[in-house]
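> below is the sequence, then the predicted model.
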Amino acid sequence: MLKATDLRLTFNPGTPIETQALRGMSLEIPTGQFVTVIGSNGAGKSTFLNAVSGEQRVDSGTIEIDGIDMTRQPVWGRARHVARVFQDPLAGTCEDLTIEENMALAKMRGQRRGFSFAVKPALREEFRAQLATLGLGLENRLSDRIGLLSGGQRQAVSLLMAALQPSRLLLLDEHTAALDPRTAAFVLELTVRIVAEHKLTTMMVTHSMRQALDVGQRTVMLHQGRVVLDVSGPEREGLDVHHLLDMFEKVRGEEVDDDALLLS
Amino acid sequence: MSLYTLLGALEIGLIFSLVALGVYISFRLLRFPDLTVDGSFPLGGAVAATMIAAGYDPFTSTIVATIAGAVAGLITGWLNVRLKIMDLLASILMMIALYSINLRIMGKPNVPLIMEPTVFNVLQPEALVDYVFRPLLLVFVVLAVKLMLDAYFATQSGLAIRATGSNARMARAQGVNTGLAVLAGMALSNALVGLAGALFAQTQGGADISMGVGTIVIGLAAVIVGESLLPSRKLYLATIAVIVGAIVYRFFIALALNSDFIGLQAQDLNLVTALLVTVALVVPKLRQHWSGKKGS
């Protein structure tokens, strides 16, 4: 379970370019739930995700995962509990390492790394079996450099890697945004399958309202660094993209009204 | 070129292949431009020569010199990781600090080893002359080091170091303490350079404060020459390439300095090195340029 409470973060405080990225952001994700997060540019989606992964320290507030306080833990310390797939397909894998070396690295996520060989025959068979489920023929290319694969292939492998080691939370950071539509659909399908298979507690940030409603069990909309919409269950079933857009406009409209009040 | 100069070139080439392996770890695997080697090479020499001259066993002295190199690398890494000093600058700071430290260790600008025991003359069998035995022993040392490095970088912790150099963000997301990985890599890299310095002092009749000048350039030259002779992304081939590069480079130097018609002398060594590195850096680009023109 993820429990983020009253997260606040200001970039460049005290300067003309001061930005309040998170303004009392709170979100609870129960164990096993798949939540999609949407919001316009600058709503704080990525900042929130980075705060949970540890790449971005918050000014105040707490982040707990299964009751363990993570607020001050570095990225590599949180990795034991948190798996992540990046937006940039090149960011989630090491291009200089082979496919099997990348997977071996992920297999040991958050574990003590000792002096035994990273890729052992038994492990290689496990990787081969996992890769075969992708249907991309990668099971025959274990010792190829991962830099030789396409963005979509690398993203698919990244997803497999995220599930090689149990995690308490899976973070997906617009992980299909950089792919062509067909590949994006494939990777999204794979995501749903892997999340269901491992019963992963998942937070997926996305730009696509369609995607946000199609997958997962709950959708959260962020605006100005906090949650403005939180739908799940039957209410969410009945929602369509234009509903979301309407709500989005409404939130934006209120903001305009606020300004109008302020200026009048 | 006589057999004697040939074996001499091989001997120095083998010693510098240890430097080149160290440089390969820092520059290529960790992507940490590390100039510490200009200080850790004479540090290894200074520690080994001073200890041997003080009556210590040459093997112990060589091991202590290797550890001293590791500590130097560790400090450079620490300056960068903990104090957030830019990598290149951190290594330059360490390099000039080591100049003073080396003088302190030796107590004078040079420590000669003339009659003292060295790892070479202690192990040397009666049947072999010294200039044949030294490169022979070094071949074993370098091969052993190469195999150990290949094995280490295939382990979980070795893989963590390679991942750190290749994609630090991803490594952290996989739970790698990347700061620690940089420290470990830098220690390993400079340990090899310290070992090379210790062996160099023992083959060249002593340590000298200026023996480190240009070490980094020679190490890089070896890496670049090796990579252009045997381009490969596979680690066990890359380590071979680096060793071959160091030896080939040394032969070129010997050839240049021993060919009377060119008129070069020993003091021209650094100039020749700089020219060779420039050529090695420019040729691949020119080749690309030409093949690009052909293609279009």
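Thanks, I have the structure now. Because the structure is predicted, anything quoted here is derived from the model rather than measured.
> all helices of chain B, in order?
Secondary structure of chain B (DSSP state H): helices at B:3-23, B:37-53, B:58-81, B:87-106, B:119-123, B:130-152, B:156-166, B:168-173, B:178-203, B:215-229, B:235-258, B:269-295.
> dump these to TSV, plus mean neighbour count.
No exception for glycine: its C-beta is placed from N, CA and C like everyone else's. Listed next are the helices of chain B as TSV, based on neighbours: other C-beta atoms under 10 Å in any protein chain shown:
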stretch	mean neighbour count
helix B:3-23	24
helix B:37-53	30
helix B:58-81	23
helix B:87-106	19
helix B:119-123	16
helix B:130-152	17
helix B:156-166	24
helix B:168-173	23
helix B:178-203	27
helix B:215-229	24
helix B:235-258	21
helix B:269-295	12
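> okay if I get the ones you listed as CSV plus distance to chain A and mean pLDDT?
Below are the helices of chain B laid out as CSV (distance: least, C-beta to the nearest C-beta, whole Å; pLDDT from 0 to 100):
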stretch, distance to chain A, mean pLDDT
helix B:3-23, 17, 95
helix B:37-53, 22, 98
helix B:58-81, 12, 98
helix B:87-106, 18, 97
helix B:119-123, 27, 93
helix B:130-152, 8, 96
helix B:156-166, 4, 97
helix B:168-173, 4, 96
helix B:178-203, 7, 98
helix B:215-229, 14, 89
helix B:235-258, 10, 90
helix B:269-295, 19, 74
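> so how far is the first residue of stretch B:148-156 from its last?
Terminal residues of stretch B:148-156 lie 14 Å apart, using C-alpha to C-alpha, to the nearest Å.
> show me what it is in contact with.
For stretch B:148-156, contacts defined as C-beta atoms under 8 Å, 6 or more residues apart in numbering or on different chains pick out A:104, A:108, A:113-119, B:21, B:25, B:29, B:158-159, B:161-162, B:188, B:235-236, B:239.
> would stretch A:86-96 count as contacting chain B?
Yes. Interface with chain B: stretch A:86-96 contributes A:86, A:91, A:92, A:93, A:94, A:95, A:96 (C-beta under 8 Å from any C-beta of the partner chain).
> what subset of those is buried?
With burial judged by 16 or more other C-beta atoms under 10 Å in any protein chain shown, the buried subset of these is A:86, A:91, A:92, A:93, A:94, A:95, A:96.
> isn't residue B:113 right next to residue B:200, touching?
No. Counting by C-beta atoms under 8 Å, residue B:113 stays clear of residue B:200, with 11.1 Å between them.
> so how far is residue B:172 from the closest residue to chain B within chain A?
Residue nearest to chain B within chain A: residue A:79 (3.3 Å; C-beta to the nearest C-beta). Going from residue A:79 to residue B:172 by C-beta to C-beta, to the nearest Å gives 7 Å.
> residue A:164 too?
17 Å.
> how many residues are close by residue A:6?
Using other C-beta atoms under 10 Å in any protein chain shown, the number of residues around residue A:6 comes to 14.
> and what of residue A:205?
Neighbours of residue A:205 under the rule other C-beta under 10 Å: 23.
> that one touches residue A:177, doesn't it?
No. The pair residue A:205 / residue A:177 is not scored as a contact, 9.3 Å apart, by C-beta under 8 Å.
> thought residue B:246 was touching residue B:20?
Yes. Using C-beta under 8 Å, residue B:246 is in contact with residue B:20, at 4.4 Å.
> between these two, what contacts are shared?
What both residue B:246 and residue B:20 touch, as defined by C-beta under 8 Å, 6+ apart, is the set B:218, B:219, B:222, B:226.
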